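1. when you get a sec, could you give me coordinates for this:
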Amino acid sequence: MHPRIRACFATLQAFDFAAYRQQLHGEILRNLAQWQILAKPEEALQPLDALLFEFNSIYEYAEQADAYGIVDWQDAAPHIEGFDMGYKHDFRKGFEAVPGMSLSFLKPLEVLLDPGTIDELVDDEQDMEEVPGFQPLADAYLFSGLAVVHDVLAELNQQNHFAGIGLKPAAQILLGGHDTGIVYPLLFTASK
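-> Take a look at the predicted model:
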């Protein structure tokens, strides 16, 4: 394993997830106020099948995830692992690419994937996913952060903070990379 990948893993081990948890809690509460405004125009709005947080990709610009209100989702069955959401859904009018949540725990991966660093790690004709140790490292970052995100969302759901945005009683909250097709279930709101 390349020393830069080892160093990046050490950065993950030192990340202050307690501070991130507090920051995320406040950030989502602030954004919920904006989402509630989006849910109360003069016209009647469809209830949300899901709330999707979408970041650019785990390989770049992943520190911020925008929020999308999902309606008319034809395959809204709950899942317990990453899945392909497909395209049989729509976005609620006005609830597209609004402030969602920060994913600051992914920042060290962005640094590792800087063009200068990639040239040091990747041979010609090689994808980053093929670099020994990179994919387990990326998974460790993503799932370490998602555990904290889930805890914050579950707490806010228990306190009924999502009621004002028009989520269906059995809605899902999801996180995925832009145009990757794969989303990760963060919370099923019926499981209070």
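
2. so where is the chain shaky, pLDDT-wise?
-> 39-44, 57-61, 191-192 (pLDDT under 70).

3. scan it for its longest strand.
-> In the chain, assigned by DSSP state E, the strand with the most residues is strand 167-177.

4. and the angle from the helix or strand containing A65 to strand 167-177?
-> Assigned by DSSP states H and E, A65 belongs to strand 64-71. If you take axes from the mean of the first three to the mean of the last three CA atoms, to 10 degrees, strand 64-71 sits at 140 degrees to strand 167-177.

5. what kind of secondary structure is the residue of the chain positioned farthest from its centre in?
-> When distances are taken from the C-alpha mean of the chain, D124 lies farthest, 31.2 Å away, according to CA atoms, centre = their mean. What DSSP: H, G, I helix; E, B strand; the rest coil gives for D124 is coil.

6. spell out for me which residue occupies the centre of the chain.
-> Central residue of the chain (CA atoms, centre = their mean): L175, 3.4 Å from the mean position.

7. at which residues are the strands of the protein located?
-> Using DSSP E, strands in the chain cover 48-55, 64-71, 83-84, 90-91, 98-102, 167-177, 182-188.

8. now those strands as TSV including distance to P108?
-> Yep, even glycine has a C-beta here, placed from its N, CA and C like the rest. Shown next, in TSV, are the strands of the chain (distance: least, CB to CB, whole Å):
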stretch	distance to P108
strand 48-55	15
strand 64-71	15
strand 83-84	27
strand 90-91	31
strand 98-102	14
strand 167-177	17
strand 182-188	20
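
9. nearest to D119, of these?
-> strand 167-177 (23.3 Å; CB to CB).

10. run the angle between that closest one and strand 98-102 for me.
-> 60 degrees.

11. name the helices or strands packed onto strand 167-177?
-> Where contact means 3 or more CB pairs under 8 Å, 6 or more residues apart in numbering; DSSP states H and E, strand 167-177 is packed against strand 48-55, helix 134-158, strand 182-188.

12. what are the contacting residues of the longest one?
-> I take that to be helix 134-158. With contacts defined as CB atoms under 8 Å, 6 or more residues apart in numbering, helix 134-158 is touched by 5, 8-9, 12, 15, 17, 20-21, 24-25, 28-29, 32, 58, 101, 103, 105-106, 108-109, 121, 128-129, 162, 173, 175, 184, 186-187, 189, 192.

13. in that helix, which residues are buried?
-> 134, 137-138, 141-142, 145-146, 148-154, 156-157 (16 or more other CB atoms under 10 Å).

14. over to the shortest one?
-> Residues of strand 182-188 classed as buried by neighbour count (16+ other CB under 10 Å): V183, Y184, P185, L186, L187, F188.
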